[in-house]
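sequence plus the predicted model coming up.
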Amino acid sequence: MDKNNADAGHETTVHWFRKGMRLHDNPAFRLSYEAKNGSGKHYELKPIYILDPYFRKYIRAGANRWRFLQQSLVDLDITLRQLGTRLYVIRGLPHEVFPDLFVKWNVKLLTFELDTEPYARERDNQVEQLARKHGVKVEQKVSHTIYNTELVLRANGGSVPMTYQKFVSVVGSMPAPRRPIPAPDMLPSECLIDDDLNNPEFDVPTLDELLTLKGFNPTELKPCLYPGGEKEALRRLEEYMKNKTWVCKFEKPNTSPNSLKPSTTVLSPYMKFGCLSASHFFYRLKEVIGNSPHSKPPVSLIGQLYWREFYYTVGASTPNFDKMVGNSICCQVPWDNNPEALEAWTNGKTGYPFIDAIMRQLRDEGWIHHLARHAVACFLTRGDLWISWEKGLAVFEELLLDADWSMNAGNWMWLSASAFFHQFFRVYSPVAFGKKTDKSGDYIRKYIPELAKYPDQYIYEPWSAPKSIQERAGCVVGVHYPKRVVVHEDVYKNNITKMSLAYKSTKAGKSSNSKKSRDMSSSPDKKNIKKPKLK
DNA sequence: GTGTCAGTTGGCAGA
DNA sequence: ATCTGCCAACTGACA
């Protein structure tokens, strides 16, 4: 140990990685290695990740996402070691481990990326209080989103932009967003005095260790199609940026939900974990497009980034954004409690091959196309099963690599016509929709091998095949593949009527509520509480 | 208040 | 193949 530094007390700056698992465009991380004490000396740098061993209770994540996280941690550790430091993985809960770390490491500064999700805010507020108690300065930086959601609100006169178009026009009126900052080539040498570079206490857990800890069986994992980490994120980004024509012509609704290879970039998991910076992605797109003719929001690639910003902005300022009750923007719908149908949907056993193939791809691979999400979400909620979008949200949160709190809730409300989207009479057909882009059902054959031998004519509707054909294909409906859980053409019209009633009742609830709050102006806090149901 | 218009991605029949 | 109108009719933004 270096005596002088020990005498100086090894003043430390801690950068806390949570999301934002990258070194490129990481302003909070830069603060931590550039910061100096009163005598102009850099602090020693400790980049940490806190791995909560009880996480499973709080975060509903499946094995695929734990794998993605583990790979991202390994990648981060490698990159940090190339810079002369390492990633310190701390086991425990943030509010439990920080007081000890503050003392043990003589921490003077704690930096991390701002997180707008409610559970993260609560966690971070708690940590900030602990830091204050220990005389540790805390710095948070906005870098998970392109725009600071607070500034978007301010630019919109203090209120939330409630439509996508409104959002686009608001950010269009704002100054150009922050430019991404490059990853450091090297770190100040004073940051690198360290005794713990080889201390296994702080090692990234192996995949087996992590999965076992979380109660999963590592041998049940399917092959990894989307490895986590910043390097893979940047590689994948550049792979797509090479094709300028494709970038300029990109229109989301024209991409296929059921191609065998993804028809879109699959950068969403990297965005979710912050392996890829949204700002970097944004300015790379601007660069590639240059002055060429190109598609525009909402359908363009930049338009896709705006959708993310939009849901982050609304999500950050709407109480109970991920719930129906107590959510002021959400239509109040009397969804059914139907555990059997939910179970069938969750496990890809609804008897509708297109729906089941999507749900099986989701479970196996952790990613499905955006329009495939539309199809299964509409089916679960307003289209067919009449089950709450909150149930679907929970399944997506477990199985999607890119499960993102704001976008998951926002999109589920959209698809169930509970908020943002209101044309509930437009219902996806679980049979017809997939045929548009995959007439012969290759996608179904891949994910539902028991149906592989069905003729094209019946692959989307195996129940309509004559018994002899079912037998010849080696898959009898009701024996080897489930019967339809509902008859779409019977239920969807009834569901439209029920949606219409739910809209009327929600509207009535809202007006009676605003009337009430006018009458009882002394208790305005009642405004967002559950509305009474009016018949 | 009232009217008009647009809204990332519906399905279907008929031309 | 692509376009049209129809189905029955939603909301938020804006004038």
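That came through fine.

what's downstream of the helix or strand that residue A:271 is a member of, the next helix or strand?
Element membership for residue A:271 (DSSP states H and E) is helix A:268-273. Helices and strands here follow DSSP H and E; after helix A:268-273, the next one along the chain is helix A:278-289.

which neighbouring elements make contact with that next one?
In terms of contact count using 3 or more Cβ pairs under 8 Å, 6 or more residues apart in numbering; DSSP states H and E, helix A:278-289 is assigned the packing partners helix A:230-241, helix A:244-249, helix A:301-316. Quick note: C-beta positions are derived from backbone N, CA and C, even for glycine.

for DNA strand C, which of these is the nearest?
Minimum separation from DNA strand C across the helices and strands packed on helix A:278-289 (Cβ to the nearest atom of the strand) falls at helix A:301-316, 10.8 Å.

let me see the mean pLDDT of the helix holding residue A:271.
The average pLDDT within helix A:268-273 is 98.

just name the most buried of the helices and strands packed on helix A:278-289.
With neighbours taken as mean count of other Cβ atoms under 10 Å, the helices and strands packed on helix A:278-289 reach their highest mean count in helix A:301-316, at a mean of 23.

which positions in the helix or strand just after it come out as buried?
As assigned by DSSP H and E, the chain's next helix or strand after helix A:301-316 is helix A:339-346. For helix A:339-346, the buried set under the neighbour-count rule, 16 or more other Cβ atoms under 10 Å, comprises A:341-342, A:344-346.

if we can go back for a sec, hey, C-alpha coordinates of the helix holding residue A:271 in CSV?
What follows is helix A:268-273, C-alpha atoms only, in CSV (Å, rounded to 0.1, in the frame of the first residue of the first chain):
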residue,chain,number,x,y,z
SER,A,268,-33.7,-2.1,-27.6
PRO,A,269,-32.1,-4.5,-25.1
TYR,A,270,-28.9,-2.4,-25.3
MET,A,271,-30.9,0.8,-24.9
LYS,A,272,-32.7,-0.6,-21.9
PHE,A,273,-29.5,-1.4,-20.0
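
which other helices and strands contact it?
By contact count (3+ Cβ pairs under 8 Å, 6+ apart), the secondary structure elements abutting helix A:268-273 are helix A:63-82, helix A:230-241.

contacting residues around it?
Outside helix A:268-273, the residues within contact range by Cβ atoms under 8 Å, 6 or more residues apart in numbering are A:19, A:21, A:68-69, A:72, A:226, A:228, A:232-233, A:236-237, A:275-276, A:278, A:281, A:308, A:366-367, A:401-404.

name the residue of the stretch 201-350 of chain A that lies nearest to DNA strand C.
Checked against DNA strand C (Cβ to the nearest atom of the strand), the nearest residue in the stretch 201-350 of chain A is residue A:329, 7.3 Å away.

run through chain A and note the low-pLDDT ranges.
In the predicted model of chain A, residues A:1-9, A:54-59, A:513-535 satisfy pLDDT under 70.

for the residue in it that DNA strand C sits nearest to, which three-state class applies?
Checking chain A residue by residue against DNA strand C with Cβ to the nearest atom of the strand singles out residue A:422 as nearest, at 3.4 Å. When the structure is reduced to helix, strand and coil (DSSP: H, G, I helix; E, B strand; the rest coil), residue A:422 reads as coil.

what's the answer for residue A:195, then?
When the structure is reduced to helix, strand and coil (three-state DSSP), residue A:195 reads as coil.

could you measure from it over to residue A:92?
When Cβ to Cβ, to the nearest Å is the yardstick, residue A:195 and residue A:92 sit 21 Å from each other.

out of these two, which sits in the more crowded spot?
Set side by side, residue A:195 and residue A:92 show unequal neighbour counts under other Cβ atoms under 10 Å, the larger going to residue A:92 at 15 against 12.

OK, contacts around the more buried one?
Each residue near residue A:92 by Cβ under 8 Å, 6+ apart is listed here: A:50, A:52-53.

quick one on the thing from earlier: for the closest residue in space to the residue of the stretch 201-350 of chain A closest to DNA strand C that isn't next to it in sequence, grab phi and psi.
The spatial neighbour of residue A:329 that comes closest, neighbours along the chain excluded (Cβ to Cβ, 6 or more residues apart in numbering), is residue A:419 at 4.6 Å. The main-chain torsion angles of residue A:419 are listed as degrees, to the nearest 10 and equal phi -160, psi 160.

from the chain's centroid, how far away is stretch A:495-510?
Mean C-alpha position of stretch A:495-510 versus that of the full chain (Cα atoms, centre = their mean, to the nearest Å) differs by 29 Å.

same thing with stretch A:311-321?
What separates the centre of stretch A:311-321 from the centre of its chain is 14 Å, taken as Cα atoms, centre = their mean.

quick check: end-to-end length of it?
Its start and end residues considered, stretch A:311-321 measures 10 Å (Cα to Cα, to the nearest Å).

what does the stretch 401-535 of chain A have sitting close to DNA strand C?
Proximity of the stretch 401-535 of chain A to DNA strand C is confined to A:422-425, A:500, A:503, A:507 under the rule Cβ under 7 Å from any atom of the strand.
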